[in-house]
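Colleague: take this sequence and fold it.
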Amino acid sequence: MFEGFEHRRVKVAAGEVNSVMDGQGPPLLLLHGYPQTHVMWHKVAPALAGSFTVVCPDLRGYGDSMKPPSDARHEPYSKRAMAKDQVETMAALGFARFAVAGHDRGGRVAHRLALDHPHCVARIAVLDICPTHAMYASTDKEFATAYYHWFFLIQKAPLPERLIGADPAFYLESKLGHWGRDPGAFTPEAKAEYIRCFRDPATVHATCEDYRAAAEIDLIHDEADMGHKLGMPLLALWGGKGLVGRRYDVLAEWRKRALNVSGRALPCGHFLPEEAPQETAQALREFFRS
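Modeller: The predicted model follows:
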């Protein structure tokens, strides 16, 4: 995977960010989601590297990136803190301004990055999400059933950590199967890497902290920015066979948060970069080239 890409460990204020990088052209930051790592881009990043300088990091708490101690407010795992990591990572690589695409949790980090650092973001793409505040506000039985992990992972430590840690491979594979619509989309190499990382108790704890932050400090930050709309172009993509597109008017939700919104559904479930890599790469290439 990522043949020809350079592995980089980038020092930022809070620790080190693990990443891979390759390509030529304008810088493009690709942020992964839960419960994965930068590896989820392994089918898409090479296709984009001919047009962009592609940087694929592991988010704070995930993969081989830093996992700093948390606090009672879960602030070290806020999207604000995670976004700051990525701004510092790109600056260390020589990029003061860049485009960013984020899937799942990475999309939420990308949204916060664009809010807090608009001067850094030329364009933003969010994959298979609506804004966090909107999704929590619309919670009902259907949402809680499909997204039960939002409510499981925020429980007080060490409950979810102990339960996941009892069989992390089973838990991870169940999440991939629960959201995906094509079991064959996950290559053995990618799945093995996800499982390797999830066998680390520090990763399990840090990713729980990510969700705890989302239910507390992130909502406070989101509410403070509720009247602010992003000025840069925003592309929203979602899985046509998944919950987000069925439950929400995705473009309408993002137009509440951004001035220039476009997007469409792709023929897949939640994991666009692995279930529909060609369509995802094409959509991102067209948008970021504009």
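Colleague: which strands and helices sit next to the strand or helix carrying residue 101?
Modeller: Using DSSP states H and E, residue 101 maps to strand 98-103. Counting contacts by 3 or more C-beta pairs under 8 Å, 6 or more residues apart in numbering; DSSP states H and E, strand 98-103 is packed against strand 27-31, helix 105-116, strand 121-127, helix 277-289. For glycine as for every other residue, the C-beta is placed from the backbone atoms N, C-alpha and C.
Colleague: can you tell me how far residue 130 sits from residue 84?
Modeller: Remark: distance between residue 130 and residue 84 (C-beta to C-beta, to the nearest Å) = 23 Å.
Colleague: who's more crowded, those two?
Modeller: residue 130 (24 against 20; other C-beta atoms under 10 Å).
Colleague: pull the contacting residues for the nearest residue to the more buried one once chain neighbours are set aside.
Modeller: With C-beta to C-beta, 6 or more residues apart in numbering as the criterion, residue 130 has its nearest non-adjacent residue at 4.4 Å, and that residue is residue 253. Applying C-beta atoms under 8 Å, 6 or more residues apart in numbering, we find residue 253 in contact with 130, 131, 134.
Colleague: need these in CSV with distance to residue 184 and pLDDT, can you?
Modeller: Output for the contacts of residue 253, formatted as CSV (distance: C-beta to C-beta, whole Å; pLDDT from 0 to 100):
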residue, distance to residue 184, pLDDT
130, 28, 98
131, 32, 97
134, 32, 95
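Colleague: tell me where the protein has strands.
Modeller: Under the criterion DSSP state E, the chain contains strands at 6-12, 15-23, 27-31, 53-57, 98-103, 121-127, 234-239, 261-266.
Colleague: which of the ones you listed sits closest to residue 156?
Modeller: Proximity to residue 156 (C-beta to C-beta) singles out strand 15-23 among those, at 25.1 Å.
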